[in-house]
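Colleague: Predicted coordinates and the sequence they were generated for:
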Amino acid sequence: MQLQRDDTMPSNISEVSITESTTWTPLAKHTLWYTKPATNWMTSTLPIGNGQFGATLMGGVKRDEIQFNDKTLWRGQVGHIVGNSEYGCYLDFGHLYITTREINTATNYRRWLDIDNATAGVAYSSDGVDYERQYIASYPDQVVAIRYAASKPGKISTNLILYNVNGSSPRYATDGKTATVTFQGEVKRTGTPNNESYYCEMIVKTKGGTITQDSIRGINVTGADEMTVYLRGMTNFDPGNDDYIYDAALLPGNVQKVVEAAANKGYQSILADHIADYKSWYDRCELSLSNAMPTTTTPNLISAYATDAPGNLLLEEMYFAYGRYLMISASRGVDLPSNLQGIWSSGNSPGWNSDIHSNINVQMNYWPAEPTNLSELHMPFLNYIHREACERSQWRANAQEVAGQTKGWTLTTENNIYGSGSNWSSNYTIANAWYCMHLWQHYRYTLDQQYLRNIAFPAMKSCCDYWLERLVLAKDGTYECPNEYSPEHGPQQQNATAHSQQLVWDLFSNTLQAINVLGNDIVDAGFLTDLNTKFAKLDNGLATEEVNGTILLKEWKYTNQGTVSDYKRHRHLSHLMGLYPGEQITKNSDPKIWQAAINSLNTRGWEGTGWSLAQKINSHARIYDGEGCERLLNRALRLTTFTGTDESRGGIYENLWDAHAPFQIDGNYGTCAGMAEMLLQSKTGTLEILPALPSAWSTGSVKGLKAIGNFTVDIAWADGMPQTVTIESVKGGDVTVQLPHTGYKITNASGKNVKKKIIDKNTVKFSTTAGGVYKLTHNDKKHTSKAVRHKTK
Ligand code: FUC
């Protein structure tokens, strides 16, 4: 349903004349800022979120629009694979319209999103008064809180209207000092007699002034010194209950408790706790490429990107920080992954239903989680996988319903939050193995064996059951995945796509390693024998073919890709799973395969949707092509204003949301991960320092990247050369580090030299103890070479 403007902001309210600020610059380095209110939700609104509940801010002066979402508000099917239009859609929850009364002009206008502190604001002056608004989405207090302030007393007079996107009008009540506004309703579900219920509450408080009910609509604040708003919408979604909902009668009380507690606590305490909480995540990792401050607005920074070198690096640094901001803001709370738009969606017709898309998108949302030190924020996705695969019934039923198997679990490409999916390309069932890669990677980064035993392994084992039963023995004596798809082109159903074979290879290899960690007793002997036998005879998805004179990695075992029209430019890199995010293809692989993978990646070119460019950055980092990464980054950060669907208009909007187009958040996350991949890789267990550093990043530093083995790594480099590398060993154990040379001095926290073993001319190995911090310093005058250069072409 599209929003009807008449239902929302009173149509007779037009914006006042606004003069842009020409003097303001933000205090925090990583601040997105603008000197005009947003006029288009997709391109210009600014998002805040507490991981589950969030808002988007338009920042008008007379007409302030705050649109909000909760990750759990979905209409659609419960269980079963159904038609494309039936399985459902992520829904807009509501809009808050705050009209500032008695205002005619605004000067010195600016609005911003400070991602170093997770606070958003609007400020302007009018008639000798300075007005300032602040907006936050608090995790500790679970509300969106808004504060309107003015430099003189009695100057805040507003009208507040809450709009229920999905049903009846709100109820307004006030005692003159506080107003409480609520709305509630149900959204339609099918496959069950029970709909999902939602409830929203807003409390408005003022310092000074009065609050009255408006004779037509909403509430009026008159002559206040300050106004604060506390807002929360929730649903009765509960994935632990059979029907995915809990008793709707309990919902209003749950919301009231949260909003009333927040209103009693007060804005300043909520703000202080919010910033402390946010920074406990955000400050763990930081990329510094530029000393520049954002002295120009974000739209200007983006426009100047192609030519303005210091600004250029600042935008790249900002985009990295923003990826982490968006993850902290969209992946906490309920055990559901962030969707195609994170948690932010206005109107009820988002692209691809803003669903959980399993053939690249939801995975990409989580690519930065481990390397950029937000490992715990991977859990809403990982717990969701475990729950749906091992505790709920539908993914297990899918094994039979979509694939005719009797064991294990699987899912299709398009998914809602109720275990249901659409039947679009439903023969694509290999997403289960790809999901298991995430389960395993979290273990590799954390070495948390309890997690491995209880959360990851049961789902990995069950996924192996599915594939061990489903694989077919081909004439060439190898095991193949039948009837698979190589998203999203070429033959719809074919045995042994490179994509499916590489993913099953990854699943089997990881599961065997997990058994090695947990002990053979974790499975029965028959399973282990079957797994070993089929792994040994598995077609590993790595074969080459010549296409128009170039040796490429095969995408289809039984179709030459030269016969598929899009092989040179298709946005998906489905046949390169083993290069990234997998680790099957490395420079130590068979040289023919390594070179074919490089050729295939280069053949796919330098264009794409936002997410495709992001995948290319990560993949080029894996082939040590720093210049290629920078070229793709330059392309990915190109301004776009197009909001329709177009595969060739990838880029960023002025609010730094990634454009597929339309807005799709995977590209934000994927590009953030790509920048981390350029600076540190650890896929094979060796810490590769600055593996794909472009010349544009000749000097810089990064702190708090994570490596496999639970190492935390800071790197400072100059002239392309790592100067110091600091490695904190969280769990102890040996660490292997690849550097430009082996002459780096290694000292421990007390400054004592650490004994190293030289593995080859670039690689050293040394022992660490849990909690130990080790500093590797480039102190050898003889070694002046730049960072390790790998031959990729
Ligand atoms: C995949 C991609 C599309 C789009 C959709 C949501 O199917 O091929 O480009 O991103 O997901």
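Modeller: Noted; the coordinates are in hand.
Colleague: I'd guess residue 396 is in a helix, am I close?
Modeller: Yes: assignment of residue 396 by DSSP: H, G, I helix; E, B strand; the rest coil places it within a helix.
Colleague: ok, for it, nearest residue in space, not its chain neighbours?
Modeller: residue 409 (4.7 Å; CB to CB, 6 or more residues apart in numbering). For glycine as for every other residue, the C-beta is placed from the backbone atoms N, C-alpha and C.
Colleague: I'd like to check which residues are in contact with that neighbour.
Modeller: Residue 409 sits next to 388-390, 395-396, 398-399, 432, 459, 462-463, 466 when contact means CB atoms under 8 Å, 6 or more residues apart in numbering.
Colleague: Show me the residues you listed that map onto helices.
Modeller: Residues of these located in helices (DSSP state H): 395-396, 398-399, 432, 459, 462-463, 466.
Colleague: is it true that residue 367 touches residue 670?
Modeller: Yes: judged on CB atoms under 8 Å, residue 367 makes contact with residue 670 at a distance of 5.6 Å.
Colleague: so what's in contact with these two at the same time?
Modeller: Joint contacts of residue 367 and residue 670 (CB under 8 Å, 6+ apart) are residue 618.
Colleague: So in terms of bridging, what pairs with residue 63?
Modeller: residue 99 (DSSP bridges).
Colleague: Just read off the phi/psi values of the nearest residue in space to residue 706 that is not next to it in sequence.
Modeller: With sequence-adjacent residues excluded and distances taken as CB to CB, 6+ apart, residue 706 is closest to residue 373, at 5.0 Å. The phi/psi pair for residue 373 (degrees, to the nearest 10) reads phi 70, psi 40.
Colleague: Run a quick neighbour tally on residue 373.
Modeller: Per other CB atoms under 10 Å, the neighbour tally for residue 373 reads 24.
Colleague: try residue 504
Modeller: So residue 504, with other CB under 10 Å, has 32 neighbours.
Colleague: Ok, the one 3 residues further on next?
Modeller: By other CB under 10 Å, the residues close to residue 507 number 27.
Colleague: State whether it is indeed within a helix.
Modeller: Yes: counting by three-state DSSP, residue 507 is part of a helix.
Colleague: I'd like the distance between it and residue 163.
Modeller: 46 Å (CB to CB, to the nearest Å).
Colleague: for residue 670, same thing?
Modeller: 34 Å.
Colleague: Between the two, tell me which one has more neighbours.
Modeller: Neighbour tally, residue 670 and residue 163, criterion other CB under 10 Å: the higher count belongs to residue 670, 29 against 22.
Colleague: which ones are touching the closest residue in space to that one that isn't next to it in sequence?
Modeller: Sequence neighbours aside, residue 614 is the residue nearest to residue 670 in space, at 2.8 Å (criterion: CB to CB, 6+ apart). The neighbourhood of residue 614, defined by CB under 8 Å, 6+ apart, consists of 364, 636, 658, 666-667, 669-671, 673-674.
Colleague: and residue 749, how many neighbours?
Modeller: Neighbour tally, residue 749, other CB under 10 Å: 11.
Colleague: how about it, secondary structure?
Modeller: coil.
Colleague: Residue 564 and the ligand, how far apart?
Modeller: Residue 564 sits 15 Å away from the ligand, taking CB to the nearest ligand atom, to the nearest Å as the criterion.
Colleague: Give me the phi and psi angles of that residue.
Modeller: Dihedral angles (degrees, to the nearest 10) for residue 564: phi -100, psi 120.
Colleague: Do you know the pLDDT at the residue nearest to it when sequence neighbours are not counted?
Modeller: Among residues not flanking residue 564 along the chain, residue 490 sits closest, at 4.4 Å (CB to CB, 6+ apart). pLDDT, residue 490: 97.
Colleague: cool, residue 12 as well?
Modeller: 65.
Colleague: now residue 647
Modeller: 89.
Colleague: Quickly find the element holding it.
Modeller: Using DSSP states H and E, residue 647 falls within no helix or strand.
Colleague: how distant is stretch 668-685 from the center of its chain?
Modeller: Using CA atoms, centre = their mean, to the nearest Å, the distance from the centre of stretch 668-685 to the centre of the chain it belongs to is 14 Å.
Colleague: Quick check: buried residues in that stretch?
Modeller: The neighbour-count check on stretch 668-685 (16 or more other CB atoms under 10 Å) flags 668-683 as buried.
Colleague: my guess is residue 311 is in a strand, correct?
Modeller: No: counting by three-state DSSP, residue 311 falls outside a strand, being helix.
Colleague: Tell me the spacing between it and the ligand.
Modeller: 29 Å.
Colleague: Doesn't residue 122 belong to a strand?
Modeller: Yes: the assignment for residue 122 is a strand, going by three-state DSSP.
Colleague: give me the number of residues near it?
Modeller: Neighbour tally, residue 122, other CB under 10 Å: 24.
Colleague: quick one: contacts for it?
Modeller: Here residue 122 is in contact with 37, 57, 59, 61, 64, 109-111, 132-133 (CB under 8 Å, 6+ apart).
Colleague: any idea of the mean pLDDT for stretch 168-188?
Modeller: Computed over stretch 168-188, the average pLDDT equals 95.
Colleague: Kindly provide the distance from the spatially most central residue of the chain to residue 746.
Modeller: The centre of the chain sits closest to residue 365, judged by CA atoms, centre = their mean, with a distance of 3.4 Å. Going from residue 365 to residue 746 by CB to CB gives 37 Å.
Colleague: Spell out which residues of this structure are next to the ligand.
Modeller: 340, 352, 357, 359, 361, 488, 571, 609, 611, 660, 664 (CB under 6 Å from any ligand atom).
Colleague: Go again with 8 Å.
Modeller: The chain comes close to the ligand at residues 340, 351-352, 355, 357, 359-361, 413, 487-488, 571-572, 609, 611-612, 647, 660, 664, 666, as judged by CB under 8 Å from any ligand atom.
Colleague: Tally up the residues packed near residue 182, please.
Modeller: Residue 182 has 19 nearby residues by other CB under 10 Å.
Colleague: which SS class is it?
Modeller: Assignment for residue 182 (three-state DSSP): strand.
Colleague: give me every residue that touches the closest residue to it other than its chain neighbours.
Modeller: Spatial nearest neighbour of residue 182, chain neighbours left out: residue 201 (4.8 Å); criterion: CB to CB, 6+ apart. Residues counted as contacts of residue 201 (CB under 8 Å, 6+ apart) are 180-182, 231-233, 252, 255-256, 259.
Colleague: do that again at 7 Å, thanks
Modeller: Listed by CB atoms under 7 Å, 6 or more residues apart in numbering, the contact set of residue 201 reads 180, 182, 232, 255-256, 259.
Colleague: show me what contacts the residue lying closest to residue 248 once chain neighbours are set aside?
Modeller: Of all residues not flanking residue 248 in the chain, residue 197 sits nearest, at 3.9 Å (CB to CB, 6+ apart). Residues counted as contacts of residue 197 (CB under 7 Å, 6+ apart) are 186, 235-236, 248, 251.
Colleague: Could you pull up phi and psi at residue 259?
Modeller: phi -70, psi -40.
Colleague: Once you drop chain neighbours, what's closest to the residue of the chain found nearest the ligand?
Modeller: Here the chain gets closest to the ligand at one residue, residue 352, 4.0 Å apart by CB to the nearest ligand atom. Nearest residue to residue 352 in three dimensions, chain neighbours excluded: residue 340, at 5.7 Å (CB to CB, 6+ apart).
Colleague: Same check on residue 19?
Modeller: residue 107 (4.3 Å).
Colleague: What strand or helix carries residue 305?
Modeller: Per DSSP H and E, there is no helix or strand for residue 305.
Colleague: try residue 758
Modeller: strand 757-760.
Colleague: which residues are contacting that strand?
Modeller: Under CB under 7 Å, 6+ apart, the answer for strand 757-760 is 736, 742, 764-766.
Colleague: so which of these is the most crowded?
Modeller: residue 764 (21 neighbours).
Colleague: my read is that residue is in a strand, agree?
Modeller: Yes: checked against three-state DSSP, residue 764 lies within a strand.
Colleague: now residue 40: how far from residue 728?
Modeller: For residue 40 relative to residue 728 (CB to CB), the value is 44 Å.
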